[in-house]
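Visitor: quick check, what structure comes out for this input:
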Amino acid sequence: MTTSSRTLGDWLSEFEWEAFRLETLDDYSRSGGVAAYQAFLAGEEQPEDFKNSGWVGTVGNAARAGKRMYRVHILSRPLTDYLRFELGWGYVRNMAAGEEFFILDTTYRINPVPKAPDFWLFDDATAAEMSYDANGRYLGSEFHTDNNRIAEFKAYRDLAMANAVPFADWWAEHGD
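Guide: Residues are numbered from 1 along each chain as shown. This is a model prediction of the structure:
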């Protein structure tokens, strides 16, 4: 674990060339965008503050600087309400800003990375292992810089990417 004073937010805006995210949960509804999620559930339009969130700026800044932000979400169908929101509203919005998305659909196959935690991997050198409660509320991150742990997170990333498909292709076939 690192003793750096950098926060997850610092890493997300200060990484040098690549930030990878692995998402493993079906519900992050208590971790941000709660009002937008409620609007989605109510069949309302996307709130302006959701369309123009700080995350869109973070992704856009990284993309304009030539940095890559990408993620794989491990999921199975049928989609939860939250996943329909995240993919249909969030991913589509974030793709326009420059983030790349991939889906590892385990509906009809075994998850190839069943023990992988949620994490961010920055520049193949620092990992932020994410913790959530049972209701999808973000609890914090533990940072890792040890070479053995980084190798573990890189292996999770590489295996997830090898088994994932581009979100746009998956969404065209399975989205609502």
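Visitor: tell me if Phe102 really is in a strand.
Guide: Yes - according to DSSP: H, G, I helix; E, B strand; the rest coil, Phe102 belongs to a strand.
Visitor: beta partners for it?
Guide: Following DSSP bridges, Phe102 is listed with bridge partners Val72, Pro166.
Visitor: pretty sure it contacts Ala168?
Guide: No - if you go by CB atoms under 8 Å, Phe102 and Ala168 don't touch, sitting 9.9 Å apart. C-beta here means a position set from N, CA and C on the backbone, and glycine is covered the same way.
Visitor: more neighbours: which of those two?
Guide: Phe102 (19 against 15; other CB atoms under 10 Å).
Visitor: could you find the closest non-adjacent residue to Ala162?
Guide: The shortest distance from Ala162 to any residue other than its chain neighbours is 7.9 Å, reached at Pro112 (CB to CB, 6 or more residues apart in numbering).
Visitor: shouldn't the one you found be within a strand?
Guide: No - assigned with three-state DSSP, Pro112 falls outside any strand and is coil.
Visitor: doesn't Asn163 make contact with it?
Guide: Yes - look at Pro112 against Asn163 with CB under 8 Å: they come within range, at 5.0 Å.
Visitor: just so I have it, where are all the strands in this protein?
Guide: Under the criterion DSSP state E, the chain contains strands at 18-23, 68-75, 100-105, 119-122, 126-132, 138-144, 165-166.
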